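In: 3D model of this:
(chains A and B)
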Protein chains: 2
Amino acid sequence: MKFLHTADWHIGKRLNGYDLLEEQQDAYRQIKAIAREEAVDAVVIAGDLFDRALPSEAAVATLDNMLVDLNRQEHFPLLAISGNHDSAVRLGYGQEWFASTDFYLRTDLANCLTPITLDDTEFFLLPYFEPFAVRKFFQDEDIRTVAQGMERLVAAMQAHFTPGKRHVLVAHFFAAGSSHADSETLVQVGGLNAVPVDLLSPFDYVALGHLHRKEALQNEAKIKYSGSPLKFSTSEAEDTKGVWIVDTATDPVTVTFRPLKPLHDLVVLTDSFAHLMDRERDYPVTPEDFVAVDLTDTVPITNVMQELKTRFPRIIELNRVNQLTVTPEDLETQQLQQDPQTLLANFFEQMTQHPLTDQQREWAEAALQRAMKEDTE
Amino acid sequence: MKFLHTADWHIGKRLNGYDLLEEQQDAYRQIKAIAREEAVDAVVIAGDLFDRALPSEAAVATLDNMLVDLNRQEHFPLLAISGNHDSAVRLGYGQEWFASTDFYLRTDLANCLTPITLDDTEFFLLPYFEPFAVRKFFQDEDIRTVAQGMERLVAAMQAHFTPGKRHVLVAHFFAAGSSHADSETLVQVGGLNAVPVDLLSPFDYVALGHLHRKEALQNEAKIKYSGSPLKFSTSEAEDTKGVWIVDTATDPVTVTFRPLKPLHDLVVLTDSFAHLMDRERDYPVTPEDFVAVDLTDTVPITNVMQELKTRFPRIIELNRVNQLTVTPEDLETQQLQQDPQTLLANFFEQMTQHPLTDQQREWAEAALQRAMKEDTE
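Out: I've put the predicted structure just below:
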């Protein structure tokens, strides 16, 4: 069989105040198009469907529409689990009905040992879990870490393997390092909550969610993070986002990456204020792209955020990559030329990287007027 | 056919801080027992399944369990709509899958003209709506009130009636008065958002939710509020709560009331403090009943709420039914005998009917100490 592996949709996530629902809907449409083109037999979503335990109504409606479309309109069997960002209860509401159209959603450990069989493959759906949950599941107080829990869970799953079938694990955790020989590396990289990848070797493929970069386990041929469908932070600016197409008909399974094209990209620009404001210069961004600026200047710049916004309307972050080299005298001269309101506004902006809102400006004006009145009394 | 009519479950509601989930689960079990005993062919829930648009996780899990139990375990077809307390989006999440086991949930007007047919009866499911929604539905800017909207909706539903079938409306609004002859009464009773009952005459039965007392339309033989399964306020203390069993095999339909017994009752006690505290006196309450006290005393009583709590642990309300007749001199004498902390605590309690919490007591002490320190400086 052939399935599509995606994860970390984070429906409802905002990027520095910007709603991403439009971008998320576009990414969804691309995923659906790939699923059709590849004629996959199922779609796997490995957790973090929502961005928050308490998603907004708009986020609930958006995800519901996507799931209805993919499963009920397009008739793709769906295999999904909750991630650490989801509320197991809220995401899971109604799940007992979903299986009527081959939509298998698991949000707790209850059925994790019973695989869903589709064609030649047994899927084990393991939602995000805390150590206490697996402790309770096995009634074993000695299980203290996610890794210890996984060791027990994998052994128990193996006992349910049907010989001759392919075995796929769908899970949401931090996988890294190795459980033996190199245990110091493990502790360094992932700490006690990391799952050593060699624990996962019994499976023909492991469809992971949690980390947003598909490169997180790039040396593993059959243990993969799909990564998120969109760039959710500047640390992901260089990523190519996408989904995996997994074909279980070959041995080992064949894994192919299918990229997604962002509706609006997230770009980091590193340059001086003068260059950035120069309209003759060409930067690889559209007015709707999300822009983070790493400013190289070493002097304070008045209204820097507002100015940059005139050139890059959806600026989401401003960092100084060099130390400021301004002298107290410079500041003195500059300050003497400005009224208190402007000084306050500039200072606020230098400190917070945001201009004052209209409301804040009103408060500041009222406070300054009161202060000056008291001064003259 | 025979169906059970209930409404206004308000899962997640709290009564003056007391969680009602245990009471709600008990009421649910009674409703299920009645449904079994009467061997009904369907259960109708006429809105306000949740108490809040944003229910707690515990409330979501509780309602989900009830619906799963009633529909998937007990195999009762379910007909439900959203009420004004529900978020249409949150309650409706997953609803597209629910019909696979004859659970019909409607949270918007989209399908309200298409009846659900069970045996001899066509059910029209009409969720709570605001005038703007029905204006949009009919693309008619002249619809300004719920009553105007209902007039159009009922006419449109009638056009979909299959002759020879029984026609039942499930709805959630304020029904009262008459649309003609007595229009002043209508405006007086229900205002612009009331729906005149005679608009509803085309139906063989109207299963309403919204008002919590089954007596709300007691003169109507076939237009009924089921009322809530529990007493949710002191104004409902005298109510007998229950559900209607509706039999469509007779003409007109036969309607029978089946009462529910509260796990813990809600009782209003009207008496003097001395009587209430007298352990020789017998009041018709258990220690777990919710008690509202109408105090007949005319003098201030120290620590009244805390004292009454020793006798009635789940006191939820305290009202004075008589004016206080204490003189300023009385107060003066009383006050001189008390330290500031006690005075403050008593005053707080007289005003709010709640004792100070431990945290509030700490804050009060800190503030008083600061004040006294400043006094002596």
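
In: and A:F290, how far is that from chain B?
Out: Look at A:F290 and chain B: by Cβ to the nearest Cβ, to the nearest Å, they are 27 Å apart. Glycine gets a C-beta too; all of them are placed from N, C-alpha and C.

In: With A:Q24 instead?
Out: Distance, A:Q24 to chain B, using Cβ to the nearest Cβ: 17 Å.

In: Same question for A:R52.
Out: Distance from A:R52 to chain B, by Cβ to the nearest Cβ: 12 Å.

In: any idea where the strands of the stretch 51-200 of chain A begin and end?
Out: Secondary structure of the stretch 51-200 of chain A by DSSP state E, counting those that start in this stretch: the strands cover A:78-81, A:103-106, A:116-118, A:121-126, A:166-172, A:174-175, A:194-195.

In: And for the residue in the stretch 201-350 of chain A that chain B sits nearest to, the neighbour number?
Out: For the stretch 201-350 of chain A, the residue closest to chain B is A:G209, as judged by Cβ to the nearest Cβ, at 20.7 Å. Using other Cβ atoms under 10 Å in any protein chain shown, A:G209 has 31 neighbouring residues.

In: Angles on the backbone of it, please.
Out: Per-residue torsions, A:G209: phi -130, psi 160 (degrees, to the nearest 10).

In: picking up where we left off before, adding mean pLDDT, write the strands of the stretch 51-200 of chain A out as a markdown table.
Out: As requested, the strands of the stretch 51-200 of chain A are exported to a markdown table (pLDDT from 0 to 100):
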| stretch | mean pLDDT |
| --- | --- |
| strand A:78-81 | 98 |
| strand A:103-106 | 97 |
| strand A:116-118 | 97 |
| strand A:121-126 | 98 |
| strand A:166-172 | 97 |
| strand A:174-175 | 91 |
| strand A:194-195 | 89 |
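
In: Could you tell me the end-to-end distance of stretch A:159-172?
Out: For stretch A:159-172, the first-to-last residue distance is 21 Å (Cα to Cα, to the nearest Å).

In: Can you give me the buried ones in it?
Out: By neighbour count on 16 or more other Cβ atoms under 10 Å in any protein chain shown, the buried set for stretch A:159-172 is A:166-172.

In: what's the least confident helix or strand in chain A, going by average pLDDT?
Out: One helix or strand of chain A scores below all others by mean pLDDT, DSSP states H and E: helix A:183-190, with a mean of 45.

In: Quick check: mean pLDDT of the helix ranked longest in chain A?
Out: Longest helix of chain A, by residue count under DSSP state H: helix A:358-376. In this model, helix A:358-376 has a mean pLDDT of 82.

In: Chain B: which of the strands of the stretch 51-200 of chain A is closest?
Out: Minimum separation from chain B across the strands of the stretch 51-200 of chain A (Cβ to the nearest Cβ) falls at strand A:103-106, 7.2 Å.

In: Would you mind pulling the contact partners of the closest one?
Out: Contacts with strand A:103-106, where a contact means Cβ atoms under 8 Å, 6 or more residues apart in numbering or on different chains, come from A:67, A:71, A:77-82, A:91-92, A:95, A:98, A:112, A:116, A:123, A:125-127, B:97.

In: if we go to 6 Å?
Out: For strand A:103-106, contacts defined as Cβ atoms under 6 Å, 6 or more residues apart in numbering or on different chains pick out A:71, A:78-81, A:95, A:98, A:116, A:125, A:127.

In: Who wins on neighbours among those?
Out: A:I81 (31 neighbours).

In: so what's it closest to, chain neighbours aside?
Out: With Cβ to Cβ, 6 or more residues apart in numbering or on different chains as the criterion, A:I81 has its nearest non-adjacent residue at 4.1 Å, and that residue is A:P127.

In: What of A:A156?
Out: Leaving aside its sequence neighbours, A:A156 sits nearest to A:L113 (Cβ to Cβ, 6+ apart; 5.3 Å).

In: repeat for A:Q25
Out: Once flanking residues are discounted, A:Q25 sits nearest to A:T62: 6.9 Å by Cβ to Cβ, 6+ apart.

In: can you pull the pLDDT of that neighbour?
Out: Looking at A:T62, its pLDDT is 97.

In: Contacts for stretch A:31-42 next, please.
Out: Stretch A:31-42 is touched from outside by A:1-4, A:6, A:43, A:76-77, A:79, A:118, A:243, A:245, A:258, with contacts defined as Cβ under 6 Å, 6+ apart.

In: I'd say the residue nearest to A:A156 and A:V154 touch.
Out: No. The criterion here is Cβ atoms under 6 Å, and A:L113 misses it with A:V154 at 10.5 Å.

In: Do you have the helices of the stretch 251-377 of chain A handy? List them.
Out: A:273-277, A:304-311, A:328-336, A:340-352, A:358-376 (DSSP state H, counting those that start in this stretch).

In: Format those as CSV; extra columns: mean neighbour count and distance to B:K231.
Out: Output for these, formatted as CSV (neighbours: other Cβ atoms under 10 Å in any protein chain shown; distance: least, Cβ to Cβ, whole Å):
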stretch, mean neighbour count, distance to B:K231
helix A:273-277, 16, 66
helix A:304-311, 16, 57
helix A:328-336, 10, 68
helix A:340-352, 15, 52
helix A:358-376, 11, 45
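
In: And these: which comes nearest B:K214?
Out: helix A:358-376 (49.4 Å; Cβ to Cβ).

In: Work out the gap between the closest one and the centre of the chain.
Out: In terms of Cα atoms, centre = their mean, to the nearest Å, the centre of helix A:358-376 is found 42 Å from the chain centre.

In: So what's the residue count around A:D339?
Out: Residues near A:D339, counting by other Cβ under 10 Å: 9.

In: burial count for A:D297?
Out: For A:D297, the count of nearby residues is 18 (other Cβ under 10 Å).
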